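Colleague: 3D, please:
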Amino acid sequence: MASIGHVAVGMALGRYETGTGAPWRRRVAEMAFLSLLALLPDADVVAFALRIPYAATWGHRGASHSFVFAAGVALGVAALARWKGESATRWGLLALAAVGSHGILDTLTDGGLGAALFWPVSNARVFAPVRPLPVAPIGAGMLSARGLYVSGVEFLVFLPAWVYALWPRKARAARSVQVP
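Modeller: Here you go, the predicted structure:
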């Protein structure tokens with residue numbers, strides 16, 4: 001899967017977290033942070049450079065795409081949120097949704113080996129019963145006609161998330177208080 005869908009999920013989660021009353025800088029920062037979390041499992045592409053086979057536990061779409069990995073990151077984010085005086089529960093759940101969505105979305109693609117969602121219980125790579133998303137070429141292959149096609153399909157599929165995240169909303173006007 002190209003990164004367009006993963007970023008859209010992070011952006012939508014960031015918009016949800018900040019609502020309409022937050023300053024635009026905070027909204028942008030939270031959207032960026034949650035988008036990075038949604039992309040985090042794909043840091044495993046470094047395995048290709050390290051000559052780790054795709055099908056290996058630490059290969060692409062392996063352990064980093066699991067629910068256990070998502071939970072571990074969520075616990076780390078929750079601890080950081082508590083340290084910063086924010087709601088640990090809220091931030092932990094947002095992080096779990098962002099990172100956990102990655103593996104689930106990758107199971108919706110029509111290629112590759114699937115995602116190891118249930119690692120360490122099982123190293124099996126799984127796909128969803130329905131796979132509507134075309135698999136993205138890796139690396140420079142994204143600069144091909146196939147990469148453009150995959151990006152277009154993902155953009156259309158995730159358009160509702162992009163609209164939700166980026167549609168301008170008016171802040172609620174504060175009620176004026178009249179002093180007698």
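Colleague: Next, report how far the helix ranked longest in the chain is displaced from the centre of its chain.
Modeller: When the chain is parsed with DSSP state H, its longest helix is helix 88-106. Remark: helix 88-106 is offset 7 Å from the chain centroid, using CA atoms, centre = their mean, to the nearest Å.
Colleague: Give me the contacts around it.
Modeller: 1, 5-6, 9-10, 13, 17, 34-35, 37-42, 61, 65-67, 69-71, 73-82, 112, 114-117, 128, 133 (CB atoms under 8 Å, 6 or more residues apart in numbering). Using the backbone N, CA and C atoms, a C-beta is placed for each residue, glycine as well.
Colleague: wait, doesn't Ala2 sit right on Leu143?
Modeller: No - with contacts counted by CB atoms under 8 Å, Ala2 stays clear of Leu143, the gap being 11.7 Å.
Colleague: out of the two, which sits in the busier spot?
Modeller: Ala2 (22 against 10; other CB atoms under 10 Å).
Colleague: Next up, phi/psi of that one, please.
Modeller: Ala2 adopts backbone torsions of phi -70, psi 170, taken as degrees, to the nearest 10.
Colleague: So for it, what's the pLDDT?
Modeller: Here, the pLDDT recorded for Ala2 equals 78.
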